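Student: Would you be able to build a 3D model of this:
(one chain, ligands or ions: 1)
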Amino acid sequence: MNSTEPHDAYFNALQQALNQAGIAWPSVVIDRARMRRNAVRLKNLIAPGSRLRLVEKSLPVPALLDEAMALTGTRALMVFHEPQLRQVVQHYPDSDLLMGKPMPVLAALHFYRHLPDNGFDPARQLQWLIDTPARLQEYLELAQGLGTRLRINIEIDVGLHRGGAADPAALRAMLDQLRKAPEHLEFSGLMGYDAHVGKLPPLLQRRDTGFAKAVEAYRAYQAIARAEFPELAPAMCWNGAGSPTVALHRQHSPLNDVSAGSALLKPLEFDIEPLAEFEPAIFVTTPVLKAQRGTRLPGPPWLSKLLYGGRANRAHSYFIYGGGWPAEPVSPAGLVTNKQFGLSFNQSILNGPRTPALAVNDTVFFRPYQSEGTLLHYGPIRVIDDGLVVDEWLPFGEV
Ligand SMILES: Cc1ncc(COP(=O)(O)O)c(C=O)c1O
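Tutor: Numbering: from 1, shown residues only. Modelled structure (predicted):
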């Protein structure tokens, strides 16, 4: 072990927990205490009368979802992947599900063909997301073929421009189709996603301006739906938000169904002002295999001197177990990637300053940009609490 303590007390404790559990290869770690505190923070952001819908794709691990659903007091999930949909239905026969993206009709058919007989009733508990009249027609034919009724939520574009109804005429066309097929299609609500809010440079659009525009769009589409289906209005699912805006929807929101997931783990892309009080709770960890002084590229030595000589953050080279992850090194401080040496998924290089220095077998901690992919690709997730690996959670598989 390195006696110069490259990490602060927090990461040092995580490192010791991993060492004690004998985990010395690339792993994903969840800090359970932090995740639990984030869950309580998220619950407190939901306005009275509104429902939190946990975004399953951002937390695609049954044991994690169990905790998150219990701590936030919700059974509502947003799902994005047919294989995960089937597993969610298997795990949570009492859940309320809204698809977060439009599924190809063949994927929807596959779901019905493999529906478990466990009490889950899609006609009551599942809303399919529909973005165009053509897809709605496909779903009508699916419902006719199956002899069933599908709940249909319509995707609306509130400024992200990722699809869905982009103007009142597009929404009216789909509402018209719904009105004509009440036997097979039940209109259940509207879904928008406003993750663009706060992403533009403030000179182009401030967060509060972007949010106000999104709210205006949600309200305008809802007004059309209310006018066309006044009898359904009280029961409609007006879904929207996402971790970047869930705090903004606490007051005066047009939504009664609010999605969020990533905030529970706060990966790197969620270091934003509205989530300032949330704590990072997911890390990718890996051991150092080789520690060298300086940075040496293959080829003539003068080239490395020219590129790296005297540069503080190139004082050491570390070859780590694995690499190439969509993540940034966070501990120890000062580590940087090396573009000239190139990418490796097997043994990749990091450079670092003279101090803190890493030794062979020390752990490097990364923060992933997002949780969704990260949780699926490293096998069991190591759950750390109070300085120990207390559990291992398996993510949903491709079934
Ligand atoms: C439709 C929709 N709603 C909400 C979310 C928010 O998820 P998260 O809170 O994990 O960012 C997403 C994420 O992609 C989404 O696509």
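
Student: Spell out for me which residue occupies the centre of this protein.
Tutor: Centroid-nearest residue in the chain: residue 58, 2.8 Å away (criterion: CA atoms, centre = their mean).

Student: Name the residues of the stretch 101-250 of the chain found near the ligand, please.
Tutor: Contact residues (CB under 6 Å from any ligand atom) of the stretch 101-250 of the chain with the ligand: 193, 242, 243. Yep, even glycine has a C-beta here, placed from its N, CA and C like the rest.

Student: wait, isn't the second one in contact with residue 55?
Tutor: Yes - here residue 242 lies in contact with residue 55, judged by CB atoms under 8 Å, at a distance of 7.3 Å.

Student: what comes up buried for the longest helix along the chain?
Tutor: When the chain is scanned for its longest helix (criterion: DSSP state H), the result is helix 207-228. Using 16 or more other CB atoms under 10 Å as the test for burial, helix 207-228 gives 207, 210, 211, 214, 215, 217, 218, 221, 222, 224, 225, 228.

Student: hmm, back to that, can you report how many residues lie near the residue nearest to the residue nearest to the centre of the chain when sequence neighbours are not counted?
Tutor: Using CB to CB, 6 or more residues apart in numbering and skipping the chain neighbours, the partner closest in space to residue 58 is residue 261 (3.2 Å). Neighbourhood size, residue 261 [other CB atoms under 10 Å]: 26.

Student: Now do the contacts for residue 261.
Tutor: For residue 261, the contact set (CB atoms under 8 Å, 6 or more residues apart in numbering) comprises 54, 55, 56, 57, 58, 59, 78, 243, 371.

Student: Which residue is the nearest non-sequential neighbour of the second one?
Tutor: Distance criterion CB to CB, 6+ apart; nearest residue to residue 55, sequence neighbours excluded, is residue 261 at 2.9 Å.

Student: hang on, the earlier thing: my guess is the residue nearest to the centre of the chain meets residue 372, correct?
Tutor: Yes - between residue 58 and residue 372 there is a contact at 5.1 Å, judged by CB under 8 Å.

Student: Common neighbours of those two, please.
Tutor: residue 262.

Student: before we move on, back to that, identify the contacts common to residue 242 and residue 55.
Tutor: 259, 260.

Student: now the residue nearest to residue 58: how far from residue 269?
Tutor: Relative to residue 269, residue 261 is positioned 13 Å away (criterion: CB to CB, to the nearest Å).

Student: give me every residue that touches residue 251.
Tutor: Counted by CB under 8 Å, 6+ apart, residue 251 has contacts residue 47.

Student: Pretty sure residue 220 sits against residue 168.
Tutor: Yes - applying CB under 8 Å, one finds residue 220 in contact with residue 168, separated by 7.3 Å.

Student: Counting by contacts, list what the longest helix of the chain packs against.
Tutor: helix 168-180, strand 185-191, strand 237-241 (3 or more CB pairs under 8 Å, 6 or more residues apart in numbering; DSSP states H and E).

Student: of all the ones you listed, which lies closest to residue 200?
Tutor: Set against residue 200 and scored by CB to CB, the helices and strands packed on helix 207-228 come closest in strand 237-241, at 17.8 Å.

Student: okay, that closest one in PDB with CA atoms only?
Tutor: Listed next in PDB are the C-alpha coordinates belonging to strand 237-241 (Å, rounded to 0.1, in the frame of the first residue of the first chain):
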ATOM      1  CA  CYS A 237     -51.100  11.400 -16.600                       C
ATOM      2  CA  TRP A 238     -49.300  14.700 -17.400                       C
ATOM      3  CA  ASN A 239     -45.700  13.400 -17.300                       C
ATOM      4  CA  GLY A 240     -42.500  15.400 -17.700                       C
ATOM      5  CA  ALA A 241     -39.300  16.600 -16.100                       C
END
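
Student: mind listing what whichever helix or strand comes after it pairs with, with the direction of each?
Tutor: Going down the chain from strand 237-241, the next helix or strand is strand 257-260, by DSSP states H and E. As defined by DSSP bridges, the strand partners of strand 257-260 come to strand 51-55 (parallel), strand 237-241 (parallel).

Student: can you tell me if strand 257-260 touches the ligand.
Tutor: Yes - for strand 257-260 and the ligand, the contact criterion (CB under 6 Å from any ligand atom) is met by 259, 260.

Student: Can you list the neighbours in contact with that strand?
Tutor: 42, 45-47, 50-55, 76, 78, 98, 100, 189, 193, 237-243, 246, 249.

Student: which SSE is the closest residue to residue 109 other than its chain neighbours in?
Tutor: Nearest in space to residue 109, with sequence neighbours left out and distances taken as CB to CB, 6+ apart, is residue 142 at 5.9 Å. Per DSSP H and E: residue 142 is located in helix 133-146.

Student: Now do the buried residues in that helix.
Tutor: So for helix 133-146, counting by 16+ other CB under 10 Å, buried means 135, 136, 138, 139, 140, 142, 143.
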